[in-house]
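**Q** Sequence first, predicted coordinates after that:
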Number of protein chains: 2
Amino acid sequence: MAQQKKMVEDITSMDEDFAKWYTDIVRKAELAEYTSVKGCMVIRPYGYAIWENIQHILDTKFKETGHENVCMPMFIPESLLNKEKDHVEGFAPEVAWVTQGGNEKLEERLCVRPTSETLFCDHYANIIHSYRDLPKLYNQWVSVVRWEKTTRPFLRTREFLWQEGHTIHETAEEAQEETIRMLNVYADFCEQALAMPVVKGVKTEKERFAGAEDTYTVEALMHDGKALQSATSHYFGDGFAKAFNILYSGRDNKQHHPFQTSWGCTTRLIGAIIMTHGDDNGLVLPPAVAPIQVIIVPVAMHKEGVLDKANELKEKLSKICRVKLDDTDNSPGWKFAEYEMKGVPLRLEIGPKDIEKNQCVIVRRDSGEKIFVSLDELEAKIPELLKAVHDGMYQKALDRRAAMTFTAKDFAELKDIADNKPGFIKAMWCGDRACEDKLKEDAGITSRCIPFEQENISDVCVCCGKPAKHMLYWGKAY
Amino acid sequence: MAQQKKMVEDITSMDEDFAKWYTDIVRKAELAEYTSVKGCMVIRPYGYAIWENIQHILDTKFKETGHENVCMPMFIPESLLNKEKDHVEGFAPEVAWVTQGGNEKLEERLCVRPTSETLFCDHYANIIHSYRDLPKLYNQWVSVVRWEKTTRPFLRTREFLWQEGHTIHETAEEAQEETIRMLNVYADFCEQALAMPVVKGVKTEKERFAGAEDTYTVEALMHDGKALQSATSHYFGDGFAKAFNILYSGRDNKQHHPFQTSWGCTTRLIGAIIMTHGDDNGLVLPPAVAPIQVIIVPVAMHKEGVLDKANELKEKLSKICRVKLDDTDNSPGWKFAEYEMKGVPLRLEIGPKDIEKNQCVIVRRDSGEKIFVSLDELEAKIPELLKAVHDGMYQKALDRRAAMTFTAKDFAELKDIADNKPGFIKAMWCGDRACEDKLKEDAGITSRCIPFEQENISDVCVCCGKPAKHMLYWGKAY
């Protein structure tokens, strides 16, 4: 067990240094690695396999809701980026510029897309002529670049992977419905696939996406009490359509501007998984996205029949889940620690005594619970146990969020919570930008969202004492 | 039928102007569209769906052969690109350079990856220490950028989508086996999924990938007699490992350089599909990658029971193939032309008279053949017919290639063929670069490959008359 001990010691404990704990998991579970390219990472096979599972589930959902995938160029000519005023103001300061192609200096510089609204609009202006061409429900899975100063794997990197949906509709109502529909797709995905509870709501004007009329968000709470914006969905009205001169002839034979949305989520979801579910032994993966759902560890592997039985179980289980058999000559103890670190939801141990009793031992990663399962019942039991792990993870995260969500009625109370209790703060707001700015400056918190589920905590703004308009979630954020 | 006629007239005929015929199909079948970004295209939903099918088949095959997906950064610092001499010489003249990030001028410029050998090597140097870490069998699905001067959708664009496999091995033999294994994966894919016969062989030194010891290729022949390099697989020896100082401690406890390969195919395969199978009515898609395999066109749709029956057939068929029902109010004639243009392998027509007879009409896109099928046998018949379409397409392409492959014994004969008969030319070669250069200059042809299947056409080089070493395929190429 010496090796096991050593390996576990390798992870900094969460309480000691949360940031280091995070980086330790990223590197030791082999999710990602640093590169010679500043601010960029390599996503390693184990990390990429999680992303592929995320992609598969979301892509299926996007297609079920009528969306089609496309692929736009990665470059945006400066003049195209400049077309929508708010949008360019938001993004121009943080883009990478290509100024030379081969041996020629470019006449017009190109930015590497930080997001692709301008490219989609340019295309829509080409292909949309009549109401019969609407809606277009497009999505793409690509990477984008934003020139961040401080970076952390998955959470904030100069290049990151994401999907960006871009839709265009005949009416404002349709576009608004789409915006909410996709927010719900994200919320359901976070809860049902990632076992991660989220707060659904709308961003304040200050926190809106550049160019949007409304930005909706799903906000999750991490282990350290910081909030993480997990996906966003934007309603654009006809602002982009006007800027890009997108027109269609309507049912009334007149020319109209259509209405647009965009929505996205990124590889930062992998950071969210780590910081929602991880513990001092490493990663804890939600079964729906775990590259390996069941790891089989043979015990006393050299004894006759053990490996055969382990292989037999692997064959059986491979029909119902993602299973791996580790038959390397590392010790069982080393393997236990290794797959705990990698967050595999279920460990199946099988040794000579188990075989005698026609059973195996299953250990849940989320709770450490040990369960003896008859080999005859294994195929029925595994899906049940995977569901139990998911439910257990979700409930634990929900309980922690409840314990870390506070309410504040006045500024003193809010300031005390912000200084001393990591987590969400629910408080009333008058709707003025000035109060939002003041809370950021004086209490170090930002508005996360105006949640759909409103509560009346008091009648007045937590900051200025004037009549309140909304209840907001506040917090420190990644 | 006026609409149908008009639509078909919209495609330039192949004989009249092959390049225009190609572009017409790309745009009218809605595979891709031009953008405001010079040299780059939008891949539209129908084109992207073909690419997704290609990806799915190849990715499954890559995983079956033990490969794992990763994701490297899109940028390469100039100093990293410069590490391997031949490689940088080959690629530096055609890369796009990022020189500014946000508001700061970069201290070191970054190129947008034209290919990722240097990034993989940089990573391998970090993670490989012992023979126990070998092999690494990695792949990534990304886009790359090469600053081409003249571009054509799918065939040559400044940005294109591809996959790039990068593997690293303990021994030269293992790496060489991998190179050939992946070439065979590509060849099988071209023939079994794309119905496109290919010649397998090795490139001459002149045509090798920059930095490779050997480049293997699969070469296909297009409708116009030009060759298209459809995928390549490279053996690097330990050249990159030495340049990047990748070392592992071997079974003998000494330090060794490992051996590497890379292999790739691109969205140009979609161009290959168009130019191998297309005709004057539009695209003809191989069933394995067709987004829609069966299009159901109801005839006399307003008559009672027709739409119900069409929907019923769609439900049934959706379990065994990719099927679509077009119940829009366009005329059946318009629909026939539309889905011919889009290359859908099978059209299923169902009208009141068919329903009376408990049958439907199926029309093959590849041959135009009309087949009456009993509705009771439909589910058994569709997979058979899809296979027949595939086989028919493959045979037609194979026959055309045979008819367009010529042999030349001496220069006069070769020059006559090169000037007058589009296609492959098989001819002997002494192995000297000078002869290769001369054939390019004087006959306008390049060496495609030294095929694995050698023939003895004569004993002497077609160019200089000295003793021949190999039989080569020559041709004009995309």
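**A** Yes, it's here.
**Q** low pLDDT regions in chain A?
**A** When the per-residue scores of chain A are filtered using pLDDT under 70, the ranges that remain are A:1-9.
**Q** what do you get if the cut-off is 90, keeping everything else the same?
**A** Along chain A, the model assigns pLDDT under 90 to residues A:1-10, A:85, A:87, A:92, A:103.
**Q** Most remote residue from the middle of it, which is it?
**A** Seen from the C-alpha centroid of chain A, the residue lying at the greatest distance (C-alpha atoms, centre = their mean) is A:Glu304, 45.7 Å away.
**Q** for that one, helix, strand, or coil?
**A** Using DSSP: H, G, I helix; E, B strand; the rest coil, the secondary structure recorded for A:Glu304 is coil.
**Q** contacting residues around A:Cys321?
**A** Applying C-beta atoms under 8 Å, 6 or more residues apart in numbering or on different chains, one finds that A:Cys321 lies in contact with A:293-294, A:382-383, A:386. Bear in mind the C-beta positions are built from the backbone N, C-alpha and C, glycine included.
**Q** Which one of those residues sits in the busiest neighbourhood?
**A** Of all the contacts of A:Cys321, the highest neighbour tally under other C-beta atoms under 10 Å in any protein chain shown goes to A:Val294, namely 27 neighbours.
**Q** any idea how far that one is from A:Tyr186?
**A** When C-beta to C-beta, to the nearest Å is the yardstick, A:Val294 and A:Tyr186 sit 28 Å from each other.
**Q** In TSV: the contacts of A:Cys321, plus secondary structure and distance to B:Lys226.
**A** TSV is the format used below for the contacts of A:Cys321 (DSSP: H, G, I helix; E, B strand; the rest coil; distance: C-beta to C-beta, whole Å):
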residue	secondary structure	distance to B:Lys226
A:Gln293	coil	49
A:Val294	strand	52
A:Ile382	helix	55
A:Pro383	helix	54
A:Leu386	helix	53
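**Q** What is the nearest of those to B:Lys200?
**A** Ranking the contacts of A:Cys321 by separation from B:Lys200, with C-beta to C-beta as the measure, puts A:Gln293 on top at 39.3 Å.
**Q** That closest one against A:Pro383, yeah?
**A** No: with contact defined as C-beta atoms under 8 Å, A:Gln293 and A:Pro383 do not form a contacting pair (9.7 Å).
**Q** For chain B, give me its nearest residue in the stretch 201-350 of chain A.
**A** Nearest residue of the stretch 201-350 of chain A to chain B (C-beta to the nearest C-beta) works out as A:Thr267 at 8.6 Å.
**Q** can I assume A:Glu170 is in contact with A:Asp133?
**A** No: using C-beta under 8 Å, A:Glu170 is not in contact with A:Asp133; the gap is 9.6 Å.
**Q** out of those two, which sits in the busier spot?
**A** When A:Glu170 is set against A:Asp133 and neighbours are counted by other C-beta under 10 Å, the residue ahead is A:Glu170, at 18 against 15.
**Q** which residues touch that one?
**A** Neighbours of A:Glu170 in contact, by C-beta under 8 Å, 6+ apart: A:131, A:134-135, A:248, A:250, A:256, A:258-259.
**Q** what's the closest of these to B:Thr179?
**A** A:Pro135 (47.2 Å).
**Q** where's stretch A:467-478 relative to the chain centroid, distance-wise?
**A** Remark: stretch A:467-478 is offset 21 Å from the chain centroid, using C-alpha atoms, centre = their mean, to the nearest Å.
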